[in-house]
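[1] Attaching a predicted model along with its sequence, questions to come.
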Amino acid sequence: MALWRLYYHLVWATKERQPLITSEREARLYNYIISKSDELNTIIHAINGVENHIHVVASIPPKISISDFVQKIKGSSTHYINHLYPAKDMFAWQRGYGVFSLGSKQLEQAVTYVKNQKEHHLNKTIIASLEQDNHDDDPPKKYYL
């Protein structure tokens with residue numbers, strides 16, 4: 001088995017930034033994502049968000065591309081939530097995602113930031129570069145935690 005230490009801070013939003021991650025759905029959604037990540041042999045260090053987007057700090061092995069990981073998580077979690085709550089608003093994720101690579105020294109800071117998402121949004125102490133809308137056509141920008 002190869003040795004790897006890869007850390008990523010991922011962010012993606014609900015379709016049209018609608019408030020679809022309700023308190024009723026949140027725990028089940030996050031637990032599902034953690035379970036699916038375990039199936040993919042990835043590690044979720046932290047997951048949290050607000051009603052219209054989530055943050056995930058994950059370790060993804062090099063045999064899985066980041067885009068495949070996100071696609072599998074987003075697709076299967078949409079299916080899961082819509083079958084769990086069929087009469088509610090249709091759940092969907094927006095196209096695209098943000099990804100930021102982390103060094104091992106940044107991991108703890110990223111985990112803390114994600115675990116405190118609700119407080120950051122409430123107190124307006126967010127890191128703007130991690131919270132902005134993502135657009136597939138925008139050129140990459142450099143961001144630092």
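    Sure, I can see it.
[2] Buried residues in the longest helix seen in the chain, which are they?
    In the chain, with assignment by DSSP state H, the single longest helix is helix 66-84. When neighbours are counted by 16 or more other CB atoms under 10 Å, the buried residues of helix 66-84 are found to be 69-70, 72-74, 76-78, 80-81. Every C-beta, even on glycine, is put in place using the N, C-alpha and C of the backbone.
[3] likewise stretch 110-119?
    Residues of stretch 110-119 classed as buried under the neighbour-count rule (16+ other CB under 10 Å) are 110-111, 113-115, 117.
[4] quick check, nearest of the residues you listed to residue 41?
    Proximity of the buried residues of stretch 110-119 to residue 41 was ranked by CB to CB; the top entry is residue 111 with 19.7 Å.
[5] got a list of what the closest one touches?
    Contact analysis of residue 111 by CB atoms under 8 Å, 6 or more residues apart in numbering lists 45-46, 57.
[6] Chain neighbours aside, what residue packs nearest to it?
    The spatial neighbour of residue 111 that comes closest, neighbours along the chain excluded (CB to CB, 6 or more residues apart in numbering), is residue 46 at 4.3 Å.
[7] Could you do residue 85 as well?
    residue 25 (6.6 Å).
[8] There's contact between that neighbour and residue 82 in this structure, I believe.
    No. Residue 25 is not in contact with residue 82 according to CB atoms under 8 Å; the separation is 10.5 Å.
[9] intersection of neighbour lists for the two?
    Counting by CB under 8 Å, 6+ apart, the contacts common to residue 25 and residue 82 are residue 91.
[10] Give the helix, strand or coil label for the residue nearest to residue 111.
    In terms of secondary structure, residue 46 is strand; the call rests on DSSP: H, G, I helix; E, B strand; the rest coil.
[11] List the beta-bridge partners for it.
    With beta bridges defined as DSSP bridges, residue 46 has these partners: residue 57.
[12] Distance check, it against residue 23.
    Between residue 46 and residue 23 the computed distance is 19 Å (CB to CB, to the nearest Å).
[13] Residue 29 now?
    Residue 29 is 11 Å from residue 23, where distance means CB to CB.
[14] what about the two, which has more around it?
    Relative neighbour count places residue 29 above the other of residue 29 and residue 23, with 22 against 7, counting by other CB atoms under 10 Å.
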